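Novice: one predicted model, sequence on top.
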Amino acid sequence: MVLITLSDNGIETIKSNPELPKKEMEFVNRWKAESFLESFYISVSKKDAVLIFKDKDESATRELIEALPYFPYMAQIEYHNLNKQF
């Protein structure tokens, strides 16, 4: 699971560039289609997101996150290894 918080300046940059959200969602949609992104949640403020991956180790997950168009605007990224219970 990856928890992401965007910086305040990043939010402003993203809002002022409508192509950035489109590019970001292309990654998310491709990962979902390739079946290794299990869930994607975004806060109402659009400042925070939770991505739940499957069949990817932390190293591979870090590479995926670092490839995102929003990566330069991320203030905090937390990686958590979880075991699914149900």
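Specialist: Perfect, I can see it now.
Novice: ok, what's across the strand from residue 5?
Specialist: Residues in a beta bridge with residue 5, per DSSP bridges, are residue 48, residue 76.
Novice: state the distance from it to residue 86.
Specialist: 28 Å (C-beta to C-beta, to the nearest Å). For glycine as for every other residue, the C-beta is placed from the backbone atoms N, C-alpha and C.
Novice: the more surrounded of those two?
Specialist: Higher neighbour count among residue 5 and residue 86: residue 5, with 14 against 2, using other C-beta atoms under 10 Å.
Novice: would you agree that one is in contact with residue 75?
Specialist: Yes. Residue 5 is in contact with residue 75 according to C-beta atoms under 8 Å; the separation is 5.2 Å.
Novice: what is the least confident helix or strand in this structure?
Specialist: helix 8-16 (a mean of 94; mean pLDDT, DSSP states H and E).
Novice: packing partners of the longest helix along the chain?
Specialist: In the chain, taking DSSP state H as the definition, the longest helix is helix 19-33. Packing contacts for helix 19-33, counted by 3 or more C-beta pairs under 8 Å, 6 or more residues apart in numbering; DSSP states H and E, involve helix 8-16, strand 37-42.
Novice: what do you get if the cut-off is 10 Å, keeping everything else the same?
Specialist: helix 8-16, strand 37-42, strand 48-53, helix 58-66 (3 or more C-beta pairs under 10 Å, 6 or more residues apart in numbering; DSSP states H and E).
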